[in-house]
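Visitor: Predicted structure and sequence below. I'll ask about it afterward.
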Amino acid sequence: MFDKKFNEFISLLERSRSTVVLTGAGVSTFSGIPDFRSSDGIYSKQYKHLSVEEIISLPLFERDPEIFYSWAKDEWYNLADFEPSIVHIALAKLEEAGKLDGLYTQNIDMLHTRAGSRKVYELHGSAAHHHCTSCRASYPFDEIYATVKSGSVPKCTKCGGVIKPDIIFYGENLDNSLLTRAYNAFSKADLAIALGTSLIVQPVASLVYTTISRGGELVIVNRQSTPYDRNATVRFDDLKEFSEALLAYLKAR
Ligand code: ZN
C-alpha cells in the first residue's frame, strides 16, 4: 500500500512507545499563513520605518502598544481566516489513534487546536490567549479580535490596563515550565517527528538533538534541508504526501 520509505516510518511509529511531534513555519505556510521569519515573509517588511523585530518587541509595546496593534490588525488578527490543512488534520488523527504523546509547535496560529489536537504545546505562545499587562486578567482571542480590527488598543475591562497577546515577543524569554516539559518529552521519546521546520533556531534544534542523543529516532518532513538530515532515520520532502499517507495508514489500521 505504501512505498518502502513510508513503511519504514510506520514500523518506527508502531515500535515507538513514546512519539513526539515538532512543527514549524512550513506547516503554517501550507495553510497559506505568511512565514513569520523567511526573507519574503512578514518579518522582512518594514512598517512605519520599523522592522518587524522592533514592532514585536517588548520595549516598543510597553512604550506604544498602538504601533504593535495597528500592524498586527492586518497580520496576526487575520489568523481566523485560515483553515487547518491536511497536515494539521493528520496530526490530530495521530493523537486520536493514541500514537502521539505531545505536539510541540513554533506556530502561534491556533490551527493545531482547531484541527482537533489536544496535547498542543505552543513554544512561542499563541494568539488564542491574551492577558492584561497590569492585573494579569486573561482574555480569549475572540474577545479581543473586534477591538483590534476596529483600530483600537484592547484595554482590560477590570483595570483599564493594556492587553497583550500571549505570544513571545522579541526580547522575551520562552516559558520555562513549557521548555522543561518539552525537554523531558523529547529526551524520553523513542521517536521525534519534525515537520515544516528547518531545525535551525533554538530551542527546536536542541529538542531533536535531545531525542537522538538519547538513542531515539528522528523523522524529518521538510522541503529544505536541515542540519539534522544525516541524523534522520527517514526523511520526507513533501508535507502533503506524507500527511496523505499518514491519514491513509491511520484509517486502515
Ligand atoms: Zn487589568
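Guide: Ah, there it is. Residues are numbered from 1 along each chain as shown.
Visitor: what's near enough to touch residue 97?
Guide: 250, 253 (Cβ atoms under 8 Å, 6 or more residues apart in numbering). Glycine gets a C-beta too; all of them are placed from N, C-alpha and C.
Visitor: if I look at it, how far off is residue 35?
Guide: Here the criterion is Cβ to Cβ, to the nearest Å. By it, residue 97 lies 30 Å from residue 35.
Visitor: cool, residue 103 as well?
Guide: 20 Å.
Visitor: So these two - more neighbours on which side?
Guide: Neighbour totals were compared for residue 103 and residue 35, and residue 103 leads with 25 against 17 (other Cβ atoms under 10 Å).
Visitor: Make sure that one is actually in contact with residue 91.
Guide: Yes: contact criterion Cβ atoms under 8 Å: residue 103 and residue 91 qualify, at 6.0 Å.
Visitor: Residues contacting stretch 232-249, please?
Guide: If you take Cβ under 8 Å, 6+ apart as the criterion, stretch 232-249 is touched by 1-2, 5-6, 8-10, 12, 26-27, 30, 85-87, 89-91, 93-94, 195-196, 217-223, 229.
Visitor: buried stuff in it?
Guide: Residues of stretch 232-249 classed as buried: 232, 234, 235, 236, 239, 242, 243, 245, 246, 247, 249 (neighbour count, 16 or more other Cβ atoms under 10 Å).
Visitor: how far does that stretch sit from the chain's center?
Guide: What separates the centre of stretch 232-249 from the centre of its chain is 18 Å, taken as Cα atoms, centre = their mean, to the nearest Å.
Visitor: separation between residue 197 and residue 208?
Guide: Distance from residue 197 to residue 208, by Cβ to Cβ: 9 Å.
Visitor: got it, and residue 95?
Guide: Residue 95 sits 19 Å away from residue 208, going by Cβ to Cβ.
Visitor: So for the two, which residue has more residues nearby?
Guide: Taking neighbours as other Cβ under 10 Å, residue 95 and residue 208 compare with residue 208 leading, 28 against 21.
Visitor: Can you list the buried residues in the strand or helix carrying the more buried one?
Guide: According to DSSP states H and E, residue 208 maps onto helix 204-213. In terms of neighbour count (16+ other Cβ under 10 Å), helix 204-213 has its buried residues at 204, 205, 207, 208, 209, 210, 211, 212.
Visitor: wait, the first one sits on residue 21?
Guide: No: counting by Cβ under 8 Å, residue 204 stays clear of residue 21, with 11.5 Å between them.
Visitor: Give me the common contacts of the two.
Guide: 104, 194.
Visitor: contacting residues for residue 113?
Guide: 120, 128.
Visitor: Tell me the buried residues in whichever strand or helix holds it?
Guide: According to DSSP H and E, residue 113 maps onto helix 111-115. Residues of helix 111-115 classed as buried: 111, 112, 113, 114, 115 (neighbour count, 16+ other Cβ under 10 Å).
Visitor: Specify which member of these is nearest to residue 80.
Guide: Distance to residue 80, by Cβ to Cβ, is smallest for residue 114 among these, at 9.2 Å.
Visitor: how close does that closest one sit to residue 175?
Guide: Residue 114 is 21 Å from residue 175, where distance means Cβ to Cβ.
Visitor: Which helix or which strand is home to residue 127?
Guide: Per DSSP H and E: strand 125-132 holds residue 127.
Visitor: now for that strand, which elements pack on it?
Guide: strand 138-140, helix 141-149, strand 163-167 (3 or more Cβ pairs under 8 Å, 6 or more residues apart in numbering; DSSP states H and E).
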